[in-house]
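Visitor: need a 3D model of the sequence below.
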Amino acid sequence: MTDDQRSVPIRVLIAKPGLDGHDRGAKVLARGLRDEGFEVIYTGLRQTPEMVADAAEQEDVDVVGLSILSGAHMTLLPRIVELVRERGMDDVLIAAGGIIPDADITRLKETGIAEVFGPGTSIGQIARYFREHARQRA
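Guide: Numbers count the residues shown, from 1 in each chain. Prediction:
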């Protein structure tokens, strides 16, 4: 199903977990995804894993995008995956972006992070990935 065939736009939650106070990239991504036709919910700064999972459930999103620069990715991101899955959202795509060392990417994917987008990834690349991998809705 192409994006044009979807009756409902892909819903994306952009979240900034942890104590990371830098959100320019997340805001640029949120705006860019809106321009690409996505419906975007931005949670704001300093979200706990529970807050992110609650927002994903309440907003009935197709994708959770986690932006993290703080270095706490190996603690926070797997916890968010766990909480989202505990709420029965097994078909929600969970992706991450930010400053994440290459050595940690494989381990994050093993915990359920679908993809990790590093610095320099274009909005177009992220949008394409979300279109190709997000759950399909009628």
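
Visitor: residues contacting stretch 63-74, please?
Guide: With contacts defined as CB atoms under 8 Å, 6 or more residues apart in numbering, stretch 63-74 is touched by 10-20, 22-23, 25-26, 29, 52, 56, 76-77, 80, 84, 92-100, 104, 107-108, 113, 126, 130, 134. (Each C-beta comes from the backbone N, C-alpha and C, glycine too.)

Visitor: try 6 Å this time
Guide: For stretch 63-74, contacts defined as CB atoms under 6 Å, 6 or more residues apart in numbering pick out 12-20, 22, 25-26, 56, 77, 93-100, 104, 130, 134.

Visitor: show the average pLDDT along it.
Guide: Stretch 63-74 shows a mean pLDDT of 95.

Visitor: chain center to that stretch, what's the gap?
Guide: Mean C-alpha position of stretch 63-74 versus that of the full chain (CA atoms, centre = their mean, to the nearest Å) differs by 8 Å.

Visitor: buried sites along that stretch?
Guide: By 16 or more other CB atoms under 10 Å, the buried positions in stretch 63-74 come out as Val63, Val64, Gly65, Leu66, Ser67, Ile68, Leu69, Ser70, Gly71, His73.

Visitor: state the distance from the first one to Gly71.
Guide: Using CB to CB, to the nearest Å, Val63 is found at 24 Å from Gly71.

Visitor: quick one, phi/psi of Ala96?
Guide: The phi/psi pair for Ala96 (degrees, to the nearest 10) reads phi -140, psi 160.

Visitor: okay, now it: neighbour count?
Guide: Neighbour count for Ala96, taken as other CB atoms under 10 Å: 26.

Visitor: just the one 10 residues further on next, same as before
Guide: By the criterion of other CB under 10 Å, Thr106 has 9 neighbours.

Visitor: ok, and it, which helix or strand is that part of?
Guide: helix 102-111 (DSSP states H and E).
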